[in-house]
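Engineer: I would like to see how this sequence folds:
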Amino acid sequence: LAMFGLGMRDAKLGQSLGGGFVNRLDQHGFMPDILFYRGSHNRLYEYYLDGPAEAIVEFIQPGCEDYVYRVKRSHYQAAGVPEFWIVDSACQRIELLRLVEGCYQRQIPDAAGGYAVKSVPGLTFFPHNLWLERDEHEYPPEETWFEVAADAPRLNRIPSVGEGVDWS
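Structural biologist: Predicted coordinates:
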């Protein structure tokens, strides 16, 4: 929900879509847990995003580790997804991968705990805040996890360009 908030209100940095939405990458289609896109080198259709999202987040589920680490990672890398984050909630660990010269390189936050998201100018992510203690009914605002620079380029709107695939 925090990434969803980045597309709303004043931030308007892009749009976030969750599970059940397909990211079409060449001849393959994947349903990432979260994808974030700006519409600069991808196109939104009613049921799928055609082209690599600016950032993809996958949550590790027991028994699916190999699929995320081998299959999805290799396809996301080959398709040019600039940011791929793998979250293992059970171990309270996040792996931040950035595409550098065609290969994913592990990234680490700066000394203040912030991670500048290169594919979304002006956006800083604070991954260590994912594991903060909180009441189970409390939902912290997106500012807990993200900081948006005052001069970050905003988007007016990301238009859909077609009806997309009819999945009925």
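Engineer: what pairs with residue 57 across the strands?
Structural biologist: Residue 57 has these beta-bridge partners by DSSP bridges: residue 34, residue 85.
Engineer: show me the contacts for it.
Structural biologist: Neighbouring residues of residue 57 by CB atoms under 8 Å, 6 or more residues apart in numbering: 3, 32, 33, 34, 35, 36, 85, 86, 87. Placement of C-beta: from N, CA and C, glycine included.
Engineer: Check residue 40 too.
Structural biologist: Contacts of residue 40 by CB under 8 Å, 6+ apart are residue 54.
Engineer: please redo it, this time with the cut-off set to 10 Å
Structural biologist: By CB atoms under 10 Å, 6 or more residues apart in numbering, the residues touching residue 40 are 14, 51, 54, 119, 155, 158.
Engineer: Residue 58 contacts residue 69, doesn't it?
Structural biologist: Yes: the pair residue 58 and residue 69 passes the contact test of CB atoms under 10 Å, sitting 9.2 Å apart.
Engineer: of the two, who's got more company?
Structural biologist: Higher neighbour count among residue 58 and residue 69: residue 58, with 23 against 14, using other CB atoms under 10 Å.
Engineer: Look up how far residue 104 lies from the more buried one.
Structural biologist: Distance, residue 58 to residue 104, using CB to CB, to the nearest Å: 13 Å.
Engineer: quick one on the thing from earlier: give the residues shared as contacts by residue 58 and residue 69.
Structural biologist: Common neighbours of residue 58 and residue 69 (CB under 10 Å, 6+ apart) are 86, 95.
Engineer: max-length helix in the chain?
Structural biologist: For the chain, the longest helix by residue count, based on DSSP state H, is helix 73-79.
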